[in-house]
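Colleague: Sequence first, then the predicted structure:
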Amino acid sequence: MSVTLTIDQHIAWIVIDRPEAFNAMNESILLQIKDAVDTIQKNEDIRVAIFMGGGTKSFVAGADISYMSSMTPLEGEKWAKLGQSVFSTISELRCPSIAAIQGYALGGGTELAIACDLRIASEKACFAQPEVKLGIIPGFGGTQRLTRLIGPGNAKQMILTGNQFSAQQALAMGLVNEVVPHDQLTERVDALALSLASGSPNGIRLAKQAIEHGLQSSLNEGLQLEAALFGLCFASPEQREGMTAFLEKRKPKL
Ligand code: CAA
């Protein structure tokens, strides 16, 4: 059971591979994800992080139910806080992140996907927040991030029913950005990652900050932050290169 981190041409692939449990996450898996994310955050050469499940059937089938089954209330809270903090490190990554979802994204699996910036799903992917069927609620950010991403109506439909939703239904709700044929998932995610990697890392980092902070503040505060970060862009060589390249009718070296 392991999480592997592979870095190739500015792109990091984090693969969660626990075949005996459809890649369900226990404490060891969560801590390995955290280590991988910390490594990515420290490496300025990495421009995109991709999260994927090992095998072909499952992205991540949620938190490990056998691991959680005998938890006390305090252990449950501690577990939720651990998952939330790991997933927050993903959403706070300096570089953009993509969830490549080839199969089941259930419970903590959907929560992992929505901690990423973008989600590309295979037509065979399937999403659910099935926690109410287990007598619990989502604990790794689902009640909060899902509601912000797809709105309270859709989030309540998923969380209160616990039902599974197809990739096409997820697309209609705005839960995923794109649905692609199953055998083209890696290829499409790779192409998206290369396109993201060609943008200004500083611009992308500041745009992410403006969006994430804006979601937690009033419109006016968000606009003030946007103006301040916009100004900050002009302290970066990437702004000079990006604009000079445009004016010289050449590709920028960002
Ligand atoms: N935790 C622990 N083990 C799991 C698991 C999970 N989340 N998901 C799958 N497994 C294990 C099964 O126990 C089974 O193990 P054994 O072979 O030892 O019996 C093995 O994976 C294969 O599973 P199934 O036999 O059930 O295979 P299936 O093809 O019939 O169904 C599945 C696959 C739809 C993924 C089904 O296993 C399933 O529904 N899993 C549970 C999904 C779930 O409820 N996730 C939410 C967890 S709660 C959570 O995530 C809370 C949170 O917010 C953090």
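Modeller: Received, thanks.
Colleague: just the residues of the stretch 51-200 of the chain that are near the ligand, which are they?
Modeller: Within the stretch 51-200 of the chain, the positions adjacent to the ligand are 61-66, 83, 104, 106-108, 111, 130-131, 134, 138-140, 142 by CB under 6 Å from any ligand atom. Just so you know, the C-beta spots here come from the backbone N, C-alpha and C atoms, and that holds for glycine as well.
Colleague: Which members of those occur in helices, if any?
Modeller: Using DSSP state H, Ile65, Ser66, Gly83, Gly108, Glu111 are the members of those that sit in helices.
Colleague: any chance of those residues in TSV, with pLDDT and neighbour count too?
Modeller: Below are those laid out as TSV (pLDDT from 0 to 100; neighbours: other CB atoms under 10 Å):
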residue	pLDDT	neighbour count
Ile65	98	14
Ser66	96	9
Gly83	98	24
Gly108	98	26
Glu111	98	28
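Colleague: Quick check: the farthest pair among those?
Modeller: The distance between the two most remote of those (CB to CB) is 18.8 Å, for Ser66 and Glu111.
Colleague: For the spatially closest residue to Val189 that is not a sequence neighbour, grab the count of nearby residues.
Modeller: Ranked by CB to CB, 6 or more residues apart in numbering and with sequence neighbours excluded, the top spatial neighbour of Val189 is Ala100, at 4.3 Å. Around Ala100 there are 27 other residues, counting by other CB atoms under 10 Å.
Colleague: Of all the residues in the strand or helix carrying Ile150, which ones are buried?
Modeller: Element membership for Ile150, per DSSP states H and E: helix 147-161. By neighbour count with 16 or more other CB atoms under 10 Å, helix 147-161 contains the buried residues Thr147, Leu149, Ile150, Asn154, Ala155, Gln157, Met158, Ile159.
Colleague: Many thanks, have a good one.
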